[in-house]
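1. Okay, structure incoming, though there's no sequence with it:
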């Protein structure tokens, strides 16, 4: 892929991390059981090649020690340093007693520009006081938040913390905080979209949903019915998928919607998702480039 002519404007969901260094059991073992291999094993060089398909890419740390994954904030900060195309996001488990301090350090000292949360992996409920305190800090720091709010393959996760509806309270509590739900909140896609439509600064991404064409078609149909297709940001979930596979999956799912008569999701709708300026929507564009010339 020619980095001067990328397929998408912004990929809001990519990962770094090596199996055995950042990704351990139980999640790694459960990934093998579910998929036959550990996909979460990607070098900075591999990520750099894949991310050339997007003009800008968000790179996520992940503080999910309860399931065996710790991709440190410092590691991500170093990986994105000096590369204007990559935007590093911190991750902090709200259960840590110094969670707010960790987030402030990640933003102010390491230069990370957002927060990744995954209640089902980090073993907290989105309504917990510790979570709300961390969101208050994110709101004060004026950084966006990405949520993994949906199911997962590992039995080490806490399934009852995964429902998208649980994010309605955080969204009501912090109405100006820009947030989005990854993976369309699958398998609760309609529930996810119903939450997104209620809140002005709430979005969703379709990351890794190309592996589930029927669910992705239902997700796009729900977004069309609820009139929030303009809230769908492009996300691949690399290395679990790629920009190319995600674009193809979105087009296939839109065609399925039309073929089955469940929604009129057009090629133009998919083009809009691929070219959406998520940096502006999420407040991630540097101030000096926020206005067109």
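-> Perfect, I can see it now. Being a predicted model, the structure only gives us computed values, none of them experimental.
2. what's the spacing between residue 79 and residue 282?
-> Distance of residue 79 to residue 282, given as Cβ to Cβ, to the nearest Å: 20 Å. Every C-beta, even on glycine, is put in place using the N, C-alpha and C of the backbone.
3. So between the two, which is more surrounded?
-> residue 282 (24 against 19; other Cβ atoms under 10 Å).
4. Do a quick rundown of the strands in the stretch 151-293 of the chain.
-> 179-181, 202-204 (DSSP state E, counting those that start in this stretch).
5. For residue 155, find the nearest of the ones you listed.
-> Residue 155 lies closest, by Cβ to Cβ, to one member of the strands of the stretch 151-293 of the chain: strand 179-181, at 22.1 Å.
6. Walk me through which strands the closest one pairs with, and which way each runs.
-> strand 145-147 (parallel), strand 202-204 (parallel) (DSSP bridges).
7. Pass me the low-pLDDT residue ranges in the stretch 1-150 of the chain, would you?
-> In the predicted model of the stretch 1-150 of the chain, residues 1-4 satisfy pLDDT under 70.
8. can you pull out the helices in it?
-> Under the criterion DSSP state H, counting those that start in this stretch, the stretch 1-150 of the chain contains helices at 27-35, 44-51, 73-80, 99-108, 119-122, 129-141.
9. related to what we said a few turns ago, make CSV from the strands paired with strand 179-181 and add distance to residue 71 and mean neighbour count to it.
-> Listed next are the strands paired with strand 179-181 as CSV, based on distance: least, Cβ to Cβ, whole Å; neighbours: other Cβ atoms under 10 Å:
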stretch, distance to residue 71, mean neighbour count
strand 145-147, 14, 25
strand 202-204, 23, 25
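10. for the closest residue to residue 11 other than its chain neighbours, what are its contacts?
-> Excluding its sequence neighbours, the residue lying closest to residue 11 (Cβ to Cβ, 6 or more residues apart in numbering) is residue 54, at 3.9 Å. Residues in contact with residue 54 (Cβ atoms under 8 Å, 6 or more residues apart in numbering) are 6, 7, 8, 9, 10, 11, 85, 234, 236, 243.
11. Can you lay out the helices of the stretch 1-150 of the chain as a markdown table showing distance to residue 277?
-> Formatted as a markdown table, the helices of the stretch 1-150 of the chain follow (distance: least, Cβ to Cβ, whole Å):
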| stretch | distance to residue 277 |
| --- | --- |
| helix 27-35 | 33 |
| helix 44-51 | 17 |
| helix 73-80 | 19 |
| helix 99-108 | 22 |
| helix 119-122 | 28 |
| helix 129-141 | 21 |
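12. Out of those, which gets nearest to residue 171?
-> Of all these, helix 129-141 sits nearest to residue 171, with 9.7 Å by Cβ to Cβ.
13. helices or strands up against the closest one?
-> helix 99-108, strand 115-117, helix 168-173 (3 or more Cβ pairs under 8 Å, 6 or more residues apart in numbering; DSSP states H and E).
14. if you set the cut-off to 6 Å instead, what comes out?
-> On a contact count with 3 or more Cβ pairs under 6 Å, 6 or more residues apart in numbering; DSSP states H and E, helix 129-141 meets helix 99-108.
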